[in-house]
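Chemist: requesting a structural model of the entry that follows:
(chains A and B)
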There are 2 protein chains.
Amino acid sequence: MTSPAPTTSPAHPGVEGSRPDRTLLDAVTFEHVRAAAKRIAGMARRTPAMTCRAIDERTGARALLKCENLQRVGAFKFRGAANALAARRETLQKTGVLAYSSGNHAQAVALAAALLRIPAVIVMPTNAPAVKLAATRGYLAQAPAGSEVVRYDPKTTKREELGARIAAERGMEVVPPYDHPDVIAGQGTAALELFEHAGELDALYVCVGGGGLLSGCATVARALAPECEVIGVEPALADDATRSKADGVLRTVDNPPTIADGARTPYLGRFTFPIVMERVDRMRTVTEQQLAEAAVFAMQRAKLVVEPTGALALAGLLADAAERPERVRGRRVGVLISGGNLDLEMLPTLLELARGA
Amino acid sequence: MTSPAPTTSPAHPGVEGSRPDRTLLDAVTFEHVRAAAKRIAGMARRTPAMTCRAIDERTGARALLKCENLQRVGAFKFRGAANALAARRETLQKTGVLAYSSGNHAQAVALAAALLRIPAVIVMPTNAPAVKLAATRGYLAQAPAGSEVVRYDPKTTKREELGARIAAERGMEVVPPYDHPDVIAGQGTAALELFEHAGELDALYVCVGGGGLLSGCATVARALAPECEVIGVEPALADDATRSKADGVLRTVDNPPTIADGARTPYLGRFTFPIVMERVDRMRTVTEQQLAEAAVFAMQRAKLVVEPTGALALAGLLADAAERPERVRGRRVGVLISGGNLDLEMLPTLLELARGA
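Modeler: Next up, the predicted model:
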């Protein structure tokens, strides 16, 4: 915030050096998250919050893992998609929705569309894993007529352009994966449930890609637990949000080679950037090895299947405990386990990386 | 029950052809399970009961997974150990307890002893996995003085003899892994929680090794849901309980080469055999491939780390759905996921076995 920032604000999204637009802060408040929680009750799962003795022994903290890997479609993304679609259900039932994503957001929108009887088009690359394609098609089979997966060759086609063209042609609304107030408010319901379960927390660790989950959770923490330290965790290879927070202006990355595919997002969004500036206490990064080690630890000791991105928050806690134990010891700490869509064939690679091989 | 059975009852345990001793049925009633639930409240976790859309789509049932892989020490075994130790805490604090096991029971007794301030000796083979040895030692480090792991060479020493000798020398009580009323009643609390959560269930699938979990769960089902079909599931390679149930007299196996190490138990116990005869509706077996496939399915789709034994009940449901879909379709089905202590290095082998390679 004290770093040299341009005096004029270049147009966001995505322009390096843009300043956060604080006028957008009111678009996501605690009341929006509460409304989202009511809206998605019965659609999204109330996921368990688990203790894990092995984590407590290693960190000295009392950790609660919020298990969004056990959420529908295997990731917190379902909360945001369900809220965004449910909030404008009647309109969207007429227009339909479109999402482009090779990851969890596509499946989240497809399932929410099926449940809410909203026609949906999901744009997926031809090289998307067969299992994700099959799952998405499975959801859309139960959505209204006109719903389909449209595939594109990522070598010759830009998904944004294809998505925008189809949406314009068919009059459909695009549901963005993170930079939308309803999506952010939906993600925040994960933290709302965690605070309702835990009562008080001294700290809350959350992963960061585009910042949707972190923004929603930080908004809840500021309202319910002003003293709770909110920490965003990124791969060191994809540290755009960490640098953005430090510099007070937008920093970007370009297709970083982290195993945390959910954190390869190039920059914070128009809505998430100001929230990260205002409501998050600090950011930290972890190495690829720390991340792999945390994912393996979660599987071996907490018995939870987590994808690499899903272990970012735990990796941040473990790294803090190793580097500055006094910062963690004796504290009640919330840890957002964000997703579990791990390709099991990848596990040997993850084990090797965790060992430092 | 109508099969040719000897008219005199040879001494159990372990004698092929022994008849079930029905006078022992009163040793484990629903009231015992209720008392166990009160006793272990606050010690054992109330594990989540999860739905999984992928399982419902594949089976046509509405399945609830009772996640005992998320129980303390990673398996339902903690319930029985905690109840057996808590039921006689004051005496055991003076005498101490002894358990021999290379599996989850050892860790369960060690942790329960630490929590209840009971001295404990755990007899483990020298070839036990390092991670299990370390975990058991970690628990015992917090148990009273005199607690220790005693290791033995399985090539030269029988654990039963060594265990009995140490117990006699030190005046300690042996806590058996399944054939004990307090252990069985403790395991039954898993089903009690599941019925409390689910209300009604049409069927309940439970894995079988020595029959402790199945006996406890069947006792609860008979009291709370007389119409609920209780199904025990075994590996075809270790089908002693299935044959015992069919023949009405004890059948045994000798160190069967199934990947479900928790089901290698050679025979049902004195207490569990009559309960399996009286309170279980049917038994079924699954192949090693079906078992591996179920374990992989649970990890990929339900995001739960399960050990092979832990996936037996799910494998039984999937096999029933494939063979006799009308038996499963539309039913509310409970599935006991019994444990999650999978050696992650074993996963590639499991994936291969699941593919039929």
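
Chemist: surely A:Gly80 forms part of a strand?
Modeler: No: under DSSP: H, G, I helix; E, B strand; the rest coil, A:Gly80 falls outside any strand and is assigned helix.

Chemist: find the nearest non-adjacent residue to A:Ala236, please.
Modeler: Setting aside the residues directly before and after it, A:Ala236 is nearest to A:Thr285 in space (CB to CB, 6 or more residues apart in numbering or on different chains), at 4.1 Å. (Each C-beta comes from the backbone N, C-alpha and C, glycine too.)

Chemist: partner strands of the strand or helix carrying the one you found, with direction?
Modeler: Element membership for A:Thr285, per DSSP states H and E: strand A:282-286. Using DSSP bridges, the strands paired with strand A:282-286 in its sheet are strand A:229-235 (parallel).

Chemist: got the buried residues for the helix or strand following the partner strand?
Modeler: Using DSSP H and E, the helix or strand that directly follows strand A:229-235 along the chain is helix A:240-247. Within helix A:240-247, the residues that qualify as buried are A:Asp240, A:Ala241, A:Thr242, A:Arg243, A:Ser244, A:Lys245, counting by 16 or more other CB atoms under 10 Å in any protein chain shown.

Chemist: and helix A:240-247, C-alpha only, in CSV?
Modeler: Once non-C-alpha atoms are left out, helix A:240-247 reads as follows in CSV (Å, rounded to 0.1, in the frame of the first residue of the first chain):
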residue,chain,number,x,y,z
ASP,A,240,1.1,-12.8,-8.6
ALA,A,241,-1.3,-12.3,-5.7
THR,A,242,1.6,-12.1,-3.2
ARG,A,243,3.4,-9.5,-5.2
SER,A,244,0.1,-7.6,-5.9
LYS,A,245,-0.6,-7.5,-2.2
ALA,A,246,2.9,-6.3,-1.4
ASP,A,247,3.1,-3.7,-4.2
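
Chemist: just to revisit the earlier point, what separation do you get for the residue nearest to A:Ala236 and chain B?
Modeler: The gap separating A:Thr285 from chain B is 26 Å, by CB to the nearest CB, to the nearest Å.

Chemist: and if you look at A:Pro235?
Modeler: According to CB to the nearest CB, A:Pro235 stands 21 Å off from chain B.

Chemist: kindly report the same for A:Phe30.
Modeler: Where chain B is concerned, A:Phe30 sits at a distance of 27 Å (CB to the nearest CB).

Chemist: cool, A:His197 as well?
Modeler: When distance is defined by CB to the nearest CB, A:His197 is 12 Å away from chain B.

Chemist: what of A:Arg89?
Modeler: Remark: distance between A:Arg89 and chain B (CB to the nearest CB) = 21 Å.

Chemist: surely the residue nearest to A:Ala236 touches A:Gly232?
Modeler: No: checked against CB atoms under 8 Å, the pair A:Thr285 and A:Gly232 is beyond contact range at 9.7 Å.

Chemist: the two: which has the busier surroundings?
Modeler: More neighbours surround A:Gly232 than the other of A:Thr285 and A:Gly232, with 29 against 22 (other CB atoms under 10 Å in any protein chain shown).

Chemist: confirm for me that that one is in contact with A:Met277.
Modeler: No: applying CB under 8 Å as the test, A:Gly232 and A:Met277 come out as separate, 11.2 Å apart.

Chemist: can you list residues touching both of those two?
Modeler: Both A:Gly232 and A:Met277 are in contact with A:Lys245, where contact means CB atoms under 8 Å, 6 or more residues apart in numbering or on different chains.

Chemist: so which bits of the stretch 201-350 of chain A are right by chain B?
Modeler: Residues of the stretch 201-350 of chain A lying close to chain B (CB under 8 Å from any CB of the partner chain) are A:296, A:299-300, A:302-306, A:340-341, A:344-345, A:347-348.

Chemist: Throw together a PyMOL command that grabs the buried residues out of those residues.
Modeler: For the buried members of those, the matching PyMOL selection, counting by 16+ other CB under 10 Å, is:
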select buried, chain A and resi 296+299+300+302+303+304+305+306+340+341+344+347
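
Chemist: want to throw the residues of the stretch 201-350 of chain A next to chain B into CSV with distance to B:Cys228?
Modeler: Formatted as CSV, these follow (distance: CB to CB, whole Å):
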residue, distance to B:Cys228
A:Val296, 39
A:Met299, 33
A:Gln300, 35
A:Ala302, 31
A:Lys303, 27
A:Leu304, 29
A:Val305, 30
A:Val306, 34
A:Gly340, 30
A:Asn341, 34
A:Leu344, 33
A:Glu345, 38
A:Leu347, 37
A:Pro348, 41
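
Chemist: among the residues of the stretch 201-350 of chain A next to chain B, which pair sits farthest apart?
Modeler: Pairwise distances across those peak at 21.6 Å for A:Ala302 and A:Glu345 (criterion: CB to CB).

Chemist: what's around the residue nearest to A:Gly339 when sequence neighbours are not counted, how many residues?
Modeler: Nearest residue to A:Gly339, sequence neighbours excluded (CB to CB, 6+ apart): A:Ala75, at 3.5 Å. Other residues near A:Ala75 come to 27 when the count uses other CB under 10 Å.

Chemist: ok, now the one 3 residues further on?
Modeler: Summarising burial for A:Phe78: neighbours were counted as other CB under 10 Å, giving 27.

Chemist: what does A:Gly310 give?
Modeler: In terms of burial, A:Gly310 registers 31 neighbours under the definition other CB under 10 Å.

Chemist: next one: the one 10 residues further on
Modeler: In terms of burial, A:Asp320 registers 23 neighbours under the definition other CB under 10 Å.

Chemist: for it, give me its contacts.
Modeler: With contacts taken as CB under 8 Å, 6+ apart, A:Asp320 has the following neighbours: A:Ile231, A:Arg284, A:Arg327, A:Val328.

Chemist: swap in A:Gly356?
Modeler: Taking CB under 8 Å, 6+ apart, we find A:Gly356 in contact with A:Gln289.

Chemist: which neighbours do A:Thr285 and A:Gly232 share?
Modeler: Taking CB under 8 Å, 6+ apart as the contact rule, the neighbours common to A:Thr285 and A:Gly232 are A:Thr242.

Chemist: returning to what we had before: between the contacts of A:Asp320, which has the most around it?
Modeler: Counting by other CB under 10 Å, A:Ile231 has the largest number of neighbours within those, with 24 neighbours.

Chemist: hmm, that one is touching A:Met283, no?
Modeler: Yes: under the criterion of CB under 8 Å, A:Ile231 is in contact with A:Met283, at a separation of 7.2 Å.

Chemist: wasn't A:Val121 part of a strand?
Modeler: Yes: membership of A:Val121 in a strand is supported by three-state DSSP.

Chemist: quick check, central residue of chain A?
Modeler: The central residue of chain A, meaning the one whose C-alpha is nearest the mean C-alpha position (CA atoms, centre = their mean), is A:Leu213 at 4.4 Å.

Chemist: quick check, that residue in a strand?
Modeler: No: under three-state DSSP, A:Leu213 sits outside any strand and is assigned helix.

Chemist: give the contact list for it.
Modeler: Contacts were defined as CB under 8 Å, 6+ apart; by that measure A:Leu213 touches A:Phe76, A:Tyr178, A:Gln187, A:Ala190, A:Val206, A:Cys207, A:Leu336, A:Ser338.

Chemist: over to A:Cys207?
Modeler: With the criterion set at CB under 8 Å, 6+ apart, A:Cys207 makes contact with A:213-214, A:232-234, A:260, A:262-263, A:309-310, A:312-313, A:336, A:338.

Chemist: that one pairs with what?
Modeler: Beta-bridge partners, per DSSP bridges, of A:Cys207: A:Val233.

Chemist: quick one: it and B:Leu25, what's the gap?
Modeler: Counting by CB to CB, to the nearest Å, the gap from A:Cys207 to B:Leu25 is 53 Å.
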